[in-house]
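> Quick one: sequence plus predicted model below, questions after.
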Amino acid sequence: MGIPKILCADCSAHQKTCCQKRDIYLTPGDVERIKKFTLTENFYEFRTPSDPSYMETDDDPMWSEHVFRSDSSRRVLKQDPFGNCAFLTKNGCAMAINERPLVCRLHPYDYNADGLYERLIPECPVYLLDPGTTLQEAIGLDLNHAFQWHHMLYSEIVLEK
Ligand code: SF4
Ligand code: SF4
């Protein structure tokens, strides 16, 4: 996610990547943007979280209120039988950064409705980084874009019915 160049390619050789093991929630805005790319709506479904800890969103009541339906499901990207995202190709994501779900664009920033946390989600294999290279540099994280995408994300989750 972000700009997955060298570290993300190395990552896939060492572990399941963030495109292979995560449920990716889609906002109503994501659906509209991705529809322009796919020309179909056959890329999402409603599922309950495979990881029950995902339901523990005490620090983000806005997320709990809007994202989950009454049966605890939410709109997510379809996956293949191995848990790979339907848009994952051997060259990475099939979509350009501005077409991808906002959740993907923000990864591995951690956040709630109030903003971005200083910490990053501890999922990327930082032990593969060259000395002196930060994770932000290695995967092309841009804080200004992240602020914009975070604002879009929380503006769009309130559009959920
Ligand atoms: S987990 Fe981190 S390093 Fe691995 S593919 Fe995702 S963003 Fe890239
Ligand atoms: S949409 Fe792209 S970036 Fe997001 S999980 Fe799927 S392959 Fe990865």
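Received, thanks. Numbers count the residues shown, from 1 in each chain. Ligands and ions are numbered 1, 2, ... in the order given.

> List of residues touching the helix or strand of the chain with the lowest mean pLDDT?
Least confident helix or strand, the chain: helix 6-14 with a mean of 85, by mean pLDDT, DSSP states H and E. Helix 6-14 is contacted from outside by 1, 4, 17, 20, 92, 124, 125, 128, 129, 135, 138, 139, using CB atoms under 8 Å, 6 or more residues apart in numbering. C-beta coordinates here come from the backbone N, C-alpha and C atoms, glycine included.

> hmm, 10 Å instead?
Residues outside helix 6-14 that contact it (CB atoms under 10 Å, 6 or more residues apart in numbering) are 1-2, 4, 17-20, 88, 90-93, 123-130, 133, 135, 137-140.

> can you list the residues of this structure near ligand 2?
1, 19, 24, 77, 85, 87, 88, 93, 95, 100, 101, 104 (CB under 6 Å from any ligand atom).

> which strands and helices sit next to the strand or helix carrying the last one?
Following DSSP states H and E, the helix or strand that holds residue 104 is helix 102-106. Under the contact criterion of 3 or more CB pairs under 10 Å, 6 or more residues apart in numbering; DSSP states H and E, the helices and strands touching helix 102-106 comprise helix 28-38, strand 74-77, helix 143-157.

> how about a cut-off of 8 Å?
Judged by 3 or more CB pairs under 8 Å, 6 or more residues apart in numbering; DSSP states H and E, helix 102-106 is in contact with helix 143-157.

> Which positions within the least confident helix or strand of the chain qualify as buried?
Residues of helix 6-14 classed as buried under the neighbour-count rule (16 or more other CB atoms under 10 Å) are 7, 8, 11, 12.

> Keep only those that also lie close to ligand 1.
7, 8, 11.

> for those, which one is nearest ligand 2?
residue 8 (9.5 Å; CB to the nearest ligand atom).

> Poorly predicted segments of this structure, please.
1-5, 57 (pLDDT under 70).

> mind redoing it with 80?
Within the chain, the stretches with pLDDT under 80 are 1-6, 21, 50-58, 161.

> Just give me how far the least confident helix or strand of the chain sits from the chain centre.
Taking CA atoms, centre = their mean, to the nearest Å, one finds helix 6-14 lying 17 Å from the centre of the chain it belongs to.

> same deal with stretch 31-39?
Taking mean C-alpha positions (CA atoms, centre = their mean), stretch 31-39 and its chain are 16 Å apart.

> now, which of the ones next to ligand 1 among the buried residues of helix 6-14 sits nearest residue 159?
Nearest to residue 159 among those, counting by CB to CB, is residue 8 at 30.4 Å.
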